[in-house]
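Using only what follows, build the 3D model:
(chains A and B)
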There are 2 protein chains.
Amino acid sequence: MRVVQKFGGSSVADAQSIKRVAERIVATKERGYDVVVVISAMGDTTDELTDLALQVSPNPRPRELDMLLTAGERISAALLAMAINDLGHDARSFTGSQAGVLTTAAHGDARIIDITPGRIVTALEDGDVVIVAGFQGVSQTTKDVTTLGRGASDTTAVALAAALGADHCEIYTDVDGVFTADPRIVKAARRIPEISYEEMLEMAASGAKILHLRCVEYARRENVAVHVRSSFSDKPGTWVKDLKEAPVEQPLISGVAHDRSEAKITVVGVPDQTGKAAAIFNTIAAADINVDMIVQNISHDPDGDGPDPSRTDISFTLPQSSGAKAIEVLGAKKDDIGFTGIVYNDAIGKVSVIGVGMRSHPGVTAKFFAALAAAGINIDMISTSEIRISVVVGADFVDKAVQAAHTAFGLDAEGEAVVYAGTGR
Amino acid sequence: MRVVQKFGGSSVADAQSIKRVAERIVATKERGYDVVVVISAMGDTTDELTDLALQVSPNPRPRELDMLLTAGERISAALLAMAINDLGHDARSFTGSQAGVLTTAAHGDARIIDITPGRIVTALEDGDVVIVAGFQGVSQTTKDVTTLGRGASDTTAVALAAALGADHCEIYTDVDGVFTADPRIVKAARRIPEISYEEMLEMAASGAKILHLRCVEYARRENVAVHVRSSFSDKPGTWVKDLKEAPVEQPLISGVAHDRSEAKITVVGVPDQTGKAAAIFNTIAAADINVDMIVQNISHDPDGDGPDPSRTDISFTLPQSSGAKAIEVLGAKKDDIGFTGIVYNDAIGKVSVIGVGMRSHPGVTAKFFAALAAAGINIDMISTSEIRISVVVGADFVDKAVQAAHTAFGLDAEGEAVVYAGTGR
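Residues are numbered from 1 along each chain as shown, chains lettered A, B, ... in the order given. Sure, this is the predicted structure:
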């Protein structure tokens, strides 16, 4: 039996916590498992190394930044192996490159192309616990060291589990699992014992930070069962897995997610001609900015005699971190495209309800909107998928909207959930 | 034209000094050289990582310790590449493994077997400055990451210079070069402009810390000219090179070295039988302890009626750091070998005079001993090579002995030398 366990930076913040993690790994090994561990950098190491880079260069090259940052996981991996050795078990640490994590050459945001786990398999056959530095790999083309972007140690773990044919992948974090809503907002939020890949994907895309989108995509594609659980207890967490054979009596909604990281841009007075919307989104795409929701409004009424039928407004949401860039690139095309202005607003939030149950229940949208209306919340934008409904509301109304939806769909627990504090990388 | 430059940890202790080193490298590049830089870990990084390891495990495995410590040079190499990029030049950093530094599998003290510099050559052909993480390589057999032991970044630099056919190798340090004696002891010590490999080898073996023994051996074997110079000035330093064609009028003695890191062990009352000395030194060798000088004394006089002809004393010197181990392994063989006791003394020092000139001048030993006698210094042990005479004296007499020898052989400068403060790794 093989299992892949992933521990985040907060689980290995200092020597003491490294020893604690080592004990947990050894306990799994002694239950008869072949254990492969994926480890993040200790605590704030990545941020400290980034600071160091910025002291040396205001704009460090991505290749060198990756060379620098990968030192973080190398350090934690070696220390963890030492701690396991000290407990009387053989452990060997490997860098992403040594572990055979082959990636694209996109420094800072590389994708895993393939895993060639020859050295890991040999070490497992020797009876060793294998420690793999997460978040990193080696470019298949340039042979340079790469990093996979934030949240990527989870992806490394799932990819290794798939490549090694592991029973499942355990993601250890500082919370008890995936909750029906953020317990800091909804006191009555409950742990979700099982959730399908599809729902977890929508949760991750809608702002639930517990698992990275790319990790869930990988798990779904390779059908790897993922167990998200607390590194501070032995309680069961949340299983993310194939639930095609789920019971008929499933809840209408599995969870409520929210996201405060987006902003809204409205391009005002766009000539209502073929190709103008395309010109706007080509400009945005060329700047590598991800757009989330898009709405084309009826235009305002510039001369007071009714809306100008020859002009329209186009609104879209995007990450706040891309806001300045978007304003810059759009501004440069103002005359080309012929719009009259740009309105930027980052005092917004997105609230989403997610559940495979809504496929067979057409009343979900109505119920959601009614709950928001009853709470006096104005809806600014709407988008839906087959198993998700998202709305944009004013930033001040996010908590209230999450609470209203959670109650309306019957998710509230009897008692109070444990309040938790932030998630690791 | 190719040159290899090596900078120690004190030259890259913080962001500011990294930028300063980058400027020096760029200046060399702009003079038309292909530049390969070997870099040590920043300041105290190696010690800090070692401390971290000891917090996790009292006895970390050498393989994992190497994995951990090599993060140090990786960090400084990446930062230095960023700083050079910032000055408008292309630079690429490589780990020891990426640079093709193939070593034995002896973790913590691996030897370079070969250099396969394919990636470095490609980068140089692209016009890039190449930064190589010093002190590290990859085991040719196990493919694990290795470290080369203290002082080994110098060796990496010389080995790369040889493999790349570089014009010469520059070792930057915090002193102006190799001196006729330690300027902290001898105010009138002078910088040596040129010194032969043979003399530099004897200097290094005799305690001069400026270049590591293994580095000089490598330079001699591959005939690489090494320029040891200050990273804080543009002054010429000391050239270590082939001086077979040296002028006839060379000095009798090139320099005086001293070493306070050794201890003396006397094995008392060893039966004067064939094989007893061999048994002692086999025991020591089996514990991987390096012995320096050996003297067999006439035994003391246990019963007051003259020395016991059936017993003898054997004294030898060894690194103080091996003292406890030597006492332990010898103690375990006390009955086997049949000696009566062990005397350990680390209040000793070794003082050596070195010079190829002594080959043709038989009076050097007499002159050296006369100078020591005139200064009232008792000689405890003696050893000689073709171009070196070493004596062991009491620790309190080391400074006085160095000064006496320096003056006796006419090495004192007119003015005072610059006093310097320690050397980097």
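
Which strand residues bridge A:Ala263?
Counting by DSSP bridges, A:Ala263 forms beta bridges with A:Leu318.

And it, how far from chain B?
Counting by C-beta to the nearest C-beta, to the nearest Å, the separation of A:Ala263 from chain B is 31 Å. All C-beta atoms are positioned from the backbone trio N, CA, C, and that covers glycine.

Equivalent analysis for A:Phe368, please.
49 Å.

what residues are up against that residue?
By C-beta atoms under 8 Å, 6 or more residues apart in numbering or on different chains, A:Phe368 lies in contact with A:Val353, A:Ile389, A:Val391, A:Ala405, A:Ala408, A:Phe409.

Check those residues and tell me the two furthest apart.
A:Val391 and A:Phe409 (14.2 Å; C-beta to C-beta).

And chain A, what are its domain boundaries?
When chain A is parsed with automatic domain parsing, its domains come out as A:2-173, A:246-425.

nearest to B:Val291, of those domains?
Using C-beta to C-beta, the domains of chain A put domain A:2-173 closest to B:Val291, at 31.7 Å.

now the closest one: how far from the chain's centre is it?
18 Å (C-alpha atoms, centre = their mean, to the nearest Å).

For the closest residue to A:Lys241 other than its chain neighbours, give me its contacts.
Nearest non-adjacent residue to A:Lys241, counting by C-beta to C-beta, 6 or more residues apart in numbering or on different chains: A:Ala225, 4.2 Å away. By C-beta under 8 Å, 6+ apart, the contact set of A:Ala225 is A:Asp167, A:His168, A:Cys169, A:Ala219, A:Trp239, A:Val240, A:Lys241, A:Asp242.

lowest average confidence, helix or strand, in chain A?
For chain A, counting by mean pLDDT, DSSP states H and E, strand A:294-298 ranks last in confidence among helices and strands (a mean of 80).

what does it rub up against?
Residues contacting strand A:294-298 (C-beta under 8 Å, 6+ apart): A:Thr266, A:Ala277, A:Phe281, A:Pro307, A:Thr312, A:Asp313, A:Ile314, A:Ser315, A:Phe316, A:Met381, A:Ile382.

So A:Ala373 belongs to a strand, correct?
No - A:Ala373: not assigned to a strand; according to DSSP: H, G, I helix; E, B strand; the rest coil it is helix.

Pull the number of nearby residues for it.
When counting by other C-beta atoms under 10 Å in any protein chain shown, one arrives at 12 neighbours for A:Ala373.

can you pull the pLDDT of it?
On the pLDDT scale, A:Ala373 is placed at 95.

cool, A:Ala421 as well?
39.

what does A:Ala401 give?
In this prediction A:Ala401 is given a pLDDT of 97.

in the helix or strand hosting it, what counts as buried?
Element membership of A:Ala401 [criterion: DSSP states H and E] is helix A:398-408. Residues A:Val398, A:Asp399, A:Lys400, A:Ala401, A:Val402, A:Gln403, A:Ala404, A:Ala405, A:His406, A:Ala408 are the ones in helix A:398-408 that count as buried (16 or more other C-beta atoms under 10 Å in any protein chain shown).

still on that earlier bit, work out the gap between the least confident helix or strand of chain A and the centre of the chain.
Worked out by C-alpha atoms, centre = their mean, strand A:294-298 lies 28 Å from the chain centre.

for stretch A:162-175, same thing?
That offset, for stretch A:162-175, works out to 16 Å (C-alpha atoms, centre = their mean).

and the end-to-end length of that stretch?
25 Å (C-alpha to C-alpha, to the nearest Å).

same deal with stretch A:158-174?
End to end - C-alpha to C-alpha - stretch A:158-174 spans 19 Å.

go on, stretch A:126-140?
Its start and end residues considered, stretch A:126-140 measures 28 Å (C-alpha to C-alpha).

what about that stretch, near chain B?
No - shown here: stretch A:126-140 not in contact with chain B (C-beta under 8 Å from any C-beta of the partner chain), separated by at least 8.9 Å.

What residues sit buried inside that stretch?
So, applying 16+ other C-beta under 10 Å, buried residues of stretch A:126-140: A:Asp128, A:Val129, A:Val130, A:Ile131, A:Val132, A:Ala133, A:Gly134, A:Phe135, A:Gln136, A:Gly137, A:Val138, A:Ser139.
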